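Asker: missing the sequence, but the structure's below:
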DNA sequence: CATCTTGTACTGCTGCACTAATACAACAAT
DNA sequence: ATTGTTGTATTAGTGCAGCAGTACAAGATG
């Protein structure tokens, strides 16, 4: 028996949202992991449990967990549950950088076509960062 | 016969691309306007003509033109054709920055969720730039 | 005015993403 | 070994975006 039990992950799903349910789950867990609210080694709720709680099909949660696994954020142990992966894991970081590399390649491709220099892109990057961080000051609040 | 004729817009459509045809058209025209290859006042090909050239349905081109109109890039004169909108340089510049800002915002949101710092993003940006420029040297060139 | 060319509107088809229903496989606990 | 719990796989249903077929409205053109 586990003294800690599974994590009481707090998720809010909007069925009317244009974003797919499984992506809503993915994003919220990603965010909670990123901000430390869900710590490495924590066991996530079993697929069926979370599915029942959110009133969706288990397959939907399964897909979300699979996405998270690909992202290197969680680790599935066959029949023993799903756990938050060690963020310091080189493999996890490698995966994350790979994802970002794709986005960056797209960005650079567009910049090329628009005749915008790397320096301008960098400047715009910092500029947007400032704007976005000043808006999203609410960082990983606890309730 | 028109002395100037309609612009011989050079578009390459990939039917197998995951990106919708009408968006491929939109993007390519956006780029060509942004980099000055299509200048203000230029008449775009009639919907049917371009549709026939690309072997797609006129409605698909119509949708693309409508999107471009919403973006303020083109101006439709009821039954007299579609023209590249007037505010050339400022709008073109504006368009370019708008396009890049979108991509950059997506990139930053992704980075935040993945717990990757701005510094890392910047580093990765330069890294990918080096890789890509050593391979590709495509630009807004005129053939 | 008659006609041509332009963009528009409406309708239906198709493929795909998302979700669900259900049955299966594998390891842990006892 | 038996049982329970875990994730997995397969199949089908549903809604919608993208696209095409066709008929229409309206200004240009002679």
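Answerer: Ah, there it is. Only a predicted model underlies this, so the values are computations on that prediction, with no experimental measurement involved. Residues are numbered from 1 along each chain as shown, chains lettered A, B, ... in the order given.
Asker: buried set for the helix ranked longest in chain A?
Answerer: Using DSSP state H, we find that the single longest helix of chain A is helix A:90-114. By neighbour count with 16 or more other C-beta atoms under 10 Å in any protein chain shown, helix A:90-114 contains the buried residues A:92-93, A:95-97, A:99-100, A:103-104, A:107-108, A:110-114. Yep, even glycine has a C-beta here, placed from its N, CA and C like the rest.
Asker: now stretch A:37-48
Answerer: For stretch A:37-48, a neighbour-count test (16+ other C-beta under 10 Å) marks A:37, A:38, A:40, A:42, A:43, A:44, A:45, A:47 as buried.
Asker: look up the closest residue to the residue nearest to the spatial centre of chain A, ignoring the ones flanking it.
Answerer: In chain A, the centroid-proximal residue (C-alpha atoms, centre = their mean) is residue A:30; its distance is 2.4 Å. Excluding its sequence neighbours, the residue lying closest to residue A:30 (C-beta to C-beta, 6 or more residues apart in numbering or on different chains) is residue B:113, at 4.7 Å.
Asker: residue numbers of chain A in contact with DNA strand D?
Answerer: Residues of chain A found near DNA strand D (C-beta under 7 Å from any atom of the strand) are A:44, A:46-49, A:58-59, A:62, A:65-66, A:76, A:78-82.
Asker: list the helices and strands the helix or strand containing residue A:126 packs on?
Answerer: For residue A:126, the host element (DSSP states H and E) is helix A:118-135. With contacts defined as 3 or more C-beta pairs under 8 Å, 6 or more residues apart in numbering or on different chains; DSSP states H and E, the packing partners of helix A:118-135 are helix A:90-114, helix B:88-114, helix B:118-135.
Asker: run a quick neighbour tally on the residue lying closest to residue A:39 once chain neighbours are set aside.
Answerer: In space, and not counting its chain neighbours, residue A:39 is closest to residue A:84: 6.5 Å by C-beta to C-beta, 6+ apart. Using other C-beta atoms under 10 Å in any protein chain shown, residue A:84 has 21 neighbouring residues.
Asker: bridged to residue A:84, which residues?
Answerer: For residue A:84, the beta-bridge partners under DSSP bridges are residue A:74.
Asker: picking that back up, which other helices and strands contact whichever strand or helix holds the residue nearest to the centre of chain A?
Answerer: Following DSSP H and E, one finds residue A:30 within helix A:21-34. Here helix A:21-34 touches helix A:47-54, helix A:58-70, helix B:88-114, going by 3+ C-beta pairs under 8 Å, 6+ apart.
Asker: near DNA strand C at all, the second one?
Answerer: Put plainly, it is helix A:58-70. Yes - part of helix A:58-70 sits near DNA strand C under the criterion C-beta under 7 Å from any atom of the strand, namely A:58, A:59, A:60, A:63.
Asker: check the gap between the first one and chain B for me.
Answerer: Put plainly, it is residue A:58. Separation of residue A:58 from chain B (C-beta to the nearest C-beta, to the nearest Å) stands at 25 Å.
Asker: so who does that residue touch?
Answerer: Applying C-beta atoms under 8 Å, 6 or more residues apart in numbering or on different chains, we find residue A:58 in contact with A:47, A:48, A:51.
Asker: give me that answer again for 10 Å
Answerer: By C-beta atoms under 10 Å, 6 or more residues apart in numbering or on different chains, residue A:58 lies in contact with A:46, A:47, A:48, A:49, A:50, A:51, A:52.
Asker: same question, the third one
Answerer: Neighbour list for residue A:60: A:13, A:20, A:21, A:22, A:24, A:25, A:47, A:50, A:51, A:54 [criterion: C-beta under 10 Å, 6+ apart].
Asker: give me that answer again for 8 Å
Answerer: Going by C-beta under 8 Å, 6+ apart, residue A:60 touches A:21, A:22, A:25, A:51.
Asker: can you list those residues in JSON lines and add neighbour count and pLDDT?
Answerer: As requested, the contacts of residue A:60 are arranged in JSON lines below (neighbours: other C-beta atoms under 10 Å in any protein chain shown; pLDDT from 0 to 100):
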{"residue": "A:21", "neighbour count": "18", "pLDDT": "97"}
{"residue": "A:22", "neighbour count": "20", "pLDDT": "97"}
{"residue": "A:25", "neighbour count": "24", "pLDDT": "97"}
{"residue": "A:51", "neighbour count": "19", "pLDDT": "96"}
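Asker: include distance to residue A:118 when you put these into a markdown table, please.
Answerer: As requested, these are arranged in a markdown table below (distance: C-beta to C-beta, whole Å):
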| residue | distance to residue A:118 |
| --- | --- |
| A:21 | 39 |
| A:22 | 36 |
| A:25 | 37 |
| A:51 | 46 |
